[in-house]
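Engineer: Sequence first, then the predicted structure, then my questions.
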Amino acid sequence: MKARDQLGAKELQLIEERRRSGYRRESLEYFGEVEAELRALIARLLPGVPEAIDLAGFVDAHAANPIGRGDRSPGLPPIPDLFALGLRRLRDFAFVRLPADEQDQLIARMRRGQADEEFGLPAKEFIDRLLVKALAGYLAHPDTWERIGFNGPAYPNGYAWINPTAVARRHEGFPGASRL
């Protein structure tokens, strides 16, 4: 990792923009109608996240961007649709108005795969994928970096994404390089 004073202008600009905005959006694109449910669910899943980090805004902005492989089980709707369906079901359960312990009990049933039938959708997939997305936003925020002791991106000045050919050249002679 490079020290903050060794980062390039582009990286510093990105860091400052994230810190300033906290991912906040004027209005949520995918989940505007269920914003209260999204915010309440994230608050229960990740308690203690500073208000300056708007994880609901992050989830909304990145709902369609796969994390990891981006795979889906057969019959599972696209992730933005799964999130919207799950959040609408939470609204049907009046999740926002439930006491915290009842919210936690419902989340626990979802995480154990015991709420699929009452939700009418794969509730475990919904809650697990939403948690991963919210965690990605939390860990991508500069304020979190400071809390966990991460110095920030390790990109040198002038860093540019390298193309697939350059990646393959860097891996020549290593096991599995032929698959790149």
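Structural biologist: Arrived safely, thanks for sending.
Engineer: So which other helices or strands are in contact with the longest helix along the chain?
Structural biologist: Looking across the chain with DSSP state H, the single longest helix is helix 123-139. On a contact count with 3 or more Cβ pairs under 8 Å, 6 or more residues apart in numbering; DSSP states H and E, helix 123-139 meets helix 35-45, helix 55-61, helix 79-92, helix 100-111, helix 116-119. No exception for glycine: its C-beta is placed from N, CA and C like everyone else's.
Engineer: So the closest residue to residue 85 other than its chain neighbours: helix, strand or coil?
Structural biologist: Leaving out its chain neighbours, the residue that sits closest to residue 85 by Cβ to Cβ, 6 or more residues apart in numbering is residue 121, at 5.3 Å. Counting by DSSP: H, G, I helix; E, B strand; the rest coil, the backbone at residue 121 sits in coil.
Engineer: I'd say residue 121 and residue 84 touch.
Structural biologist: No - if you go by Cβ atoms under 8 Å, residue 121 and residue 84 don't touch, sitting 10.5 Å apart.
Engineer: rewinding a little: what's around the residue nearest to residue 85, how many residues?
Structural biologist: Neighbour count for residue 121, taken as other Cβ atoms under 10 Å: 19.
Engineer: so how far is residue 129 from it?
Structural biologist: 12 Å (Cβ to Cβ, to the nearest Å).
Engineer: what sits in contact with each of the two?
Structural biologist: Residues touching both residue 121 and residue 129 by Cβ atoms under 8 Å, 6 or more residues apart in numbering: residue 82.
Engineer: if we can go back for a sec, so which of the helices and strands packed on helix 123-139 is nearest residue 142?
Structural biologist: helix 55-61 (13.1 Å; Cβ to Cβ).
Engineer: contacts for the closest one?
Structural biologist: The contact list for helix 55-61, computed with Cβ under 8 Å, 6+ apart, reads 22-25, 28-31, 35, 38-39, 42, 46, 49, 83, 130, 133-134, 136-138, 140.
Engineer: Need the CA coordinates for it. CSV is fine.
Structural biologist: The C-alpha trace of helix 55-61 is given here as CSV (Å, rounded to 0.1, in the frame of the first residue of the first chain):
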residue,chain,number,x,y,z
LEU,A,55,-25.0,2.4,2.4
ALA,A,56,-28.5,2.5,1.0
GLY,A,57,-27.2,4.9,-1.7
PHE,A,58,-24.3,2.6,-2.4
VAL,A,59,-26.6,-0.5,-2.7
ASP,A,60,-28.9,1.4,-5.0
ALA,A,61,-26.0,2.7,-7.2
